[in-house]
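Engineer: What shape does this take:
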Amino acid sequence: MAQAPVSMHKHAIANIRYIRETMERTSAFTAVPGWGGFIMGCTALAAAVIASWQISVTGWLAVWLIEGALAISIGFIAVRRKMQAAHMSLQKGPARKFLFSFLPPLGAGAVLTVVLVQTGMIGAIPGVWLLLYGTGVVTGGAFSVPAVPVMGLCFMAEGMLALFAPVRWSDPLLAAGFGGLHILFGAIIARRYGG
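Structural biologist: Take a look at the predicted model:
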């Protein structure tokens, strides 16, 4: 008994779905938030000022940890909005690759922060944060627009500098990295790649 032929409409829909999924797998992750990065940079500059006023290590660390949580929230909201506007999914294609490349260095930074606090090596924290954040941006940026890995390399260079710099440079280096680099590259990404 012969099977009924597949309708032209169903065949066309299947082809379009295949093409779309193939393009999603091979295209760059373009939902890196330019304006979100810019705003993250502004909050980091404010955090650097507030952190510099702290008289205890605990207060200083609390300011930067609050800033980190705020930056993650801003970044998540900005990425989500940009992805929704582009009808992209965070669970497939380049977005998924970006996340799986970006998040492990951040997790390593969180673990190392605990270790550095427990061992009293607070002065190494800014360098570790900048270096590992930059590493995450470079690795995630391999699946993104060209400005992203360049930004990551800048963070990594600043992180290496921070590891060998005097402790009194911590807030200015964190301000220059998480503040200045986010503002600069956020503006570049927003202008060249939208939002």
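Engineer: How is the residue nearest the centre of the chain assigned, secondary-structure-wise?
Structural biologist: Compute the mean C-alpha point of the chain, and by CA atoms, centre = their mean the closest residue is residue 137, 5.6 Å away. Under DSSP: H, G, I helix; E, B strand; the rest coil, residue 137 falls in the helix class.
Engineer: how far does the lengthiest helix in the chain sit from the chain's center?
Structural biologist: Assignment by DSSP state H gives helix 57-85 as the longest helix of the chain. Between the centre of helix 57-85 and the centre of its chain there are 10 Å (CA atoms, centre = their mean, to the nearest Å).
Engineer: Check stretch 116-124 too.
Structural biologist: Worked out by CA atoms, centre = their mean, stretch 116-124 lies 24 Å from the chain centre.
Engineer: Could I get the average pLDDT for that stretch?
Structural biologist: Stretch 116-124 shows a mean pLDDT of 95.
Engineer: Contact partners for the residue nearest to the residue nearest to the centre of the chain when sequence neighbours are not counted?
Structural biologist: Closest residue to residue 137 apart from its sequence neighbours, by CB to CB, 6 or more residues apart in numbering: residue 152 at 3.1 Å. In this view, the C-beta of every residue, glycine as well, is placed from N, C-alpha and C. Taking CB atoms under 8 Å, 6 or more residues apart in numbering, we find residue 152 in contact with 134-141.
Engineer: what's the helix or strand for residue 152?
Structural biologist: Secondary structure here is read from DSSP states H and E; on that basis residue 152 sits in helix 147-164.
Engineer: Give the next helix or strand downstream of that helix.
Structural biologist: helix 170-174.
Engineer: which residues are contacting that following helix?
Structural biologist: So helix 170-174 is in contact with 44, 47-49, 51-52, 64, 123, 125-127, 129-130, 158, 161-162, 165, going by CB under 8 Å, 6+ apart.
Engineer: Where does pLDDT dip in the protein?
Structural biologist: Along the chain, segments meeting pLDDT under 70 span 1-9, 11-12, 14-31, 86-94, 195.
Engineer: swap the cut-off to 80 and go again
Structural biologist: 1-33, 79-80, 82-98, 143-144, 193-195 (pLDDT under 80).
Engineer: I figured the residue nearest to the centre of the chain hits residue 103, correct?
Structural biologist: No: with contact defined as CB atoms under 8 Å, residue 137 and residue 103 do not form a contacting pair (11.4 Å).
Engineer: distance of the nearest residue to residue 70 once chain neighbours are set aside from residue 67?
Structural biologist: In this structure, residue 70 finds its nearest non-sequential neighbour in residue 43, 5.6 Å apart by CB to CB, 6+ apart. Using CB to CB, to the nearest Å, we find residue 43 at a distance of 6 Å from residue 67.
Engineer: neighbour-wise, which of those two wins?
Structural biologist: residue 67 (22 against 18; other CB atoms under 10 Å).
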